[in-house]
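K.L.:
Next one to model:
(one chain, ligands or ions: 2)
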Amino acid sequence: MLRFDPNLRWLFTELPMWDRYTAAAQAGFSGVEVAFPYEYPARKLAAHLKDNGLTLVQVLAPVDWEGGSRGIACLPEKKDECRRSVETAIEYALGVGKPMVHVLAGNLEPHHRIDECMAVFKENLAYAADIAGREGITIIIEPVCNARFPAYLYSRLDEGTQIIDELGKPNIKLCFDTYHVQMQEGNLTERLRQVYPYIGHMQIGNTPGRNEPGVGELDLHWFFRQLEKLGWDRWIGCEYAPSTRTLASIGWHAPFTTR
Ligand SMILES: O=C(O)[C@@H](O)C(=O)CO
Ligand SMILES: [Mg+2]
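P.N.:
Ligands and ions are numbered 1, 2, ... in the order given. The predicted model follows:
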C-alpha cells in the first residue's frame, strides 16, 4: 500500500489555508505537505496537525515566492539570507514534527555564472544538511523542468544525484516529481529505477497539464504499481492542479491508500 499526502498549495485551494488541513484529514489523508506554513506559529500548527491526526511531510525553506523568488540557495549575493532561511525552516520543522525541508536553488539572472551558482548551492546545502542532520531532519532537493522553471539552476535528475554524491551527506535526498521528470526527461519508470536509492520524497502530477492521475498522458496507476514493487514506503505528495473540485479529483487514490 502507498501513502499519499496532498500538497495544500495545490489541493483544497477552494478553502482558506487553515481549513485545508481539516479538509485533507476529512478526505482520508493522514499527511499533508505545505510550501510555506510560516504564517502560523509552529506551536499553533502543531496543535492543528495533532487535532486532525496529520503528519506534516515536507516544507520549503522560506523565500519570497509571491515576489517571484524561486529560491536563493544558489545565489552568491544571498548567502547570509539563505542561511537564515534554512535556520528558520529547521527551527520551525522541530516544532511541527520534523518534516523534510526542501531547499530551493533559485533562478539565474544574466549576470550569474552557472558554475559559481552551483558551487554556492552545494556550500549552502552542506550547511543545511549539517544543522538538519543534528536534528534528524532530511534536506530535499528537486530538479524542476524548464517548461515551468526556465531559469532554475538545475532541471535533471543526474544533476541532483551528482550534487548528492559530491556532498556525501546522508540526509540530502532527491525529490522525484513525476511531472517534472516526465516533462524534462521522459522515460519515467526507467528514470525512477535508476535514481531510486537517492530518492527521499516522491511527488506526483500528470503531464502535460499537471493534473491528477487519470487526467493526462501518464498512466500513474501503472507507475504506482511499480513503486509498490520497489517497496516504496514513504510519502507521496500530491502536487497537481485538480481538473475539477479537489474532492471530485481524489477518487484515484483509494485503491492504493493506507492510513
Ligand atoms: O514541483 C514543484 O514546483 C515543487 O515541488 C516545489 O517545491 C517548487 O519548486
Ligand atoms: Mg514538485
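K.L.:
For the closest residue to Tyr196 other than its chain neighbours, list the residues it contacts.
P.N.:
Once flanking residues are discounted, Tyr196 sits nearest to Leu230: 6.2 Å by CB to CB, 6 or more residues apart in numbering. The way it works is simple: take the backbone N, C-alpha and C, and place the C-beta from them, glycine included. When the contact criterion is CB atoms under 8 Å, 6 or more residues apart in numbering, the partners of Leu230 are 192-193, 196.
K.L.:
Please identify which of these is nearest to ligand 1.
P.N.:
Leu192 (16.1 Å; CB to the nearest ligand atom).
K.L.:
Which pLDDT value belongs to the closest one?
P.N.:
In this model, Leu192 is scored at 98, pLDDT.
K.L.:
Help me confirm that it comes into contact with Gln226.
P.N.:
Yes. Judged on CB atoms under 8 Å, Leu192 makes contact with Gln226 at a distance of 6.8 Å.
K.L.:
Between those two, tell me which one has more neighbours.
P.N.:
Comparing Leu192 with Gln226 by other CB atoms under 10 Å, the one with more neighbours is Leu192, at 20 against 13.
K.L.:
in what helix or strand does that one lie?
P.N.:
helix 188-195 (DSSP states H and E).
K.L.:
How about residues contacting that helix?
P.N.:
Against helix 188-195 from outside (CB under 8 Å, 6+ apart): 157, 160-161, 174, 176, 178, 181-182, 185, 199, 218, 223, 226-227, 230.
K.L.:
Which residues belonging to stretch 216-225 are considered buried?
P.N.:
The neighbour-count check on stretch 216-225 (16 or more other CB atoms under 10 Å) flags 216, 218, 220, 223-224 as buried.
K.L.:
Of these, which belong to helices?
P.N.:
Among the buried residues of stretch 216-225, the residues falling in helices (DSSP state H) are 220, 223-224.
K.L.:
Would you map the helices across the chain?
P.N.:
Secondary structure of the chain (DSSP H): helices located at 17-26, 42-51, 79-95, 114-133, 157-167, 178-184, 188-195, 220-230, 246-249.
K.L.:
by how many degrees do the helix holding Leu192 and helix 220-230 diverge?
P.N.:
30 degrees (axes from the mean of the first three to the mean of the last three CA atoms, to 10 degrees).
K.L.:
Helix 188-195 vs helix 157-167, what angle?
P.N.:
Comparing the axes of helix 188-195 and helix 157-167 via the same axes, to 10 degrees yields an angle of 10 degrees.
K.L.:
Please point out which parts of helix 188-195 sit buried.
P.N.:
For helix 188-195, a neighbour-count test (16+ other CB under 10 Å) marks 188, 191-192, 195 as buried.
K.L.:
Point out where the stretch 151-259 of the chain drops to low pLDDT.
P.N.:
256-259 (pLDDT under 70).
K.L.:
And the residue of it closest to ligand 2?
P.N.:
Asp177 (3.6 Å; CB to the ion).
K.L.:
which non-adjacent residue is nearest that residue?
P.N.:
Per CB to CB, 6+ apart, closest to Asp177 is Gln203, 4.0 Å.
K.L.:
contacting residues for the one you found?
P.N.:
Contact partners of Gln203, counting by CB under 8 Å, 6+ apart, are 7, 142, 175-179, 236-239.
K.L.:
now the residues you listed in JSON lines, with distance to ligand 1 and neighbour count?
P.N.:
Shown next, in JSON lines, are these (distance: CB to the nearest ligand atom, whole Å; neighbours: other CB atoms under 10 Å):
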{"residue": "Asn7", "distance to ligand 1": "7", "neighbour count": "22"}
{"residue": "Glu142", "distance to ligand 1": "5", "neighbour count": "24"}
{"residue": "Cys175", "distance to ligand 1": "6", "neighbour count": "22"}
{"residue": "Phe176", "distance to ligand 1": "11", "neighbour count": "26"}
{"residue": "Asp177", "distance to ligand 1": "5", "neighbour count": "22"}
{"residue": "Thr178", "distance to ligand 1": "10", "neighbour count": "26"}
{"residue": "Tyr179", "distance to ligand 1": "7", "neighbour count": "25"}
{"residue": "Ile236", "distance to ligand 1": "12", "neighbour count": "23"}
{"residue": "Gly237", "distance to ligand 1": "7", "neighbour count": "24"}
{"residue": "Cys238", "distance to ligand 1": "11", "neighbour count": "27"}
{"residue": "Glu239", "distance to ligand 1": "6", "neighbour count": "24"}
